[in-house]
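structural data only, the sequence is not supplied:
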């Protein structure tokens with residue numbers, strides 16, 4: 001199972017990243033848990049210093065930007081294979 005964390009305060013970009021994660025997980029049929037982390041006090045602990053942040057299986061994959069859909073699919077495929 002993929003453990004996906006979308007890190008952000010709830011800004012439009014954070015919402016877009018969360019929606020993109022949900023879309024890719026749904027389309028690809030991944031077994032995944034998507035968690036929204038919006039408590040600013042937890043961001044640094046998680047290793048995210050710019051939002052939106054994306055963490056998959058405890059690895060920070062993205063900060064401060066929204067990956068393209070194909071990039072996100074690649075990352076999730078790779079994480080699933082590990």
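Sure thing, it's come through. Bear in mind the structure is a predicted one, so any value in this text is a computation, not a measurement.

surely residue 51 and residue 15 touch.
No - between residue 51 and residue 15 no contact is recorded; they are 11.1 Å apart, counting by C-beta atoms under 8 Å. C-beta: built from backbone N, CA, C; applies to glycine.

those two: which has the busier surroundings?
The neighbour comparison of residue 51 against residue 15 (other C-beta atoms under 10 Å) goes to residue 51, with 22 against 14.

per-residue pLDDT, the more buried one?
Model confidence at residue 51, given as pLDDT, is 96.

for the nearest residue to residue 28 once chain neighbours are set aside, which three-state class applies?
Nearest non-adjacent residue to residue 28, counting by C-beta to C-beta, 6 or more residues apart in numbering: residue 73, 6.5 Å away. In terms of secondary structure, residue 73 is helix; the call rests on DSSP: H, G, I helix; E, B strand; the rest coil.

pretty sure residue 4 is touching residue 21, no?
Yes - if you go by C-beta under 8 Å, residue 4 and residue 21 touch, sitting 5.6 Å apart.

what's the overlap in contacts for those two?
Both residue 4 and residue 21 are contacted by 32, 34, 54, under the criterion C-beta atoms under 8 Å, 6 or more residues apart in numbering.

what bridges to the residue nearest to the second one when sequence neighbours are not counted?
In this structure, residue 34 finds its nearest non-sequential neighbour in residue 4, 4.7 Å apart by C-beta to C-beta, 6+ apart. Assessed by DSSP bridges, residue 4 has beta-bridge partners residue 34, residue 56.

pLDDT wise, what is residue 4 at?
98.

and what of residue 82?
In this prediction, residue 82 has a pLDDT value of 85.

so who does the residue nearest the centre of the chain touch?
Ranked by distance to the mean C-alpha position of the chain (C-alpha atoms, centre = their mean), the top residue is residue 54 at 3.2 Å. Residue 54 makes contacts with 4-7, 17, 21, 60-63, 67, 72, 75, as judged by C-beta under 8 Å, 6+ apart.

correct me if wrong, but it is in a helix.
No - counting by three-state DSSP, residue 54 is not found in a helix; it is strand.

and it, what pLDDT?
Confidence score, pLDDT, at residue 54: 98.
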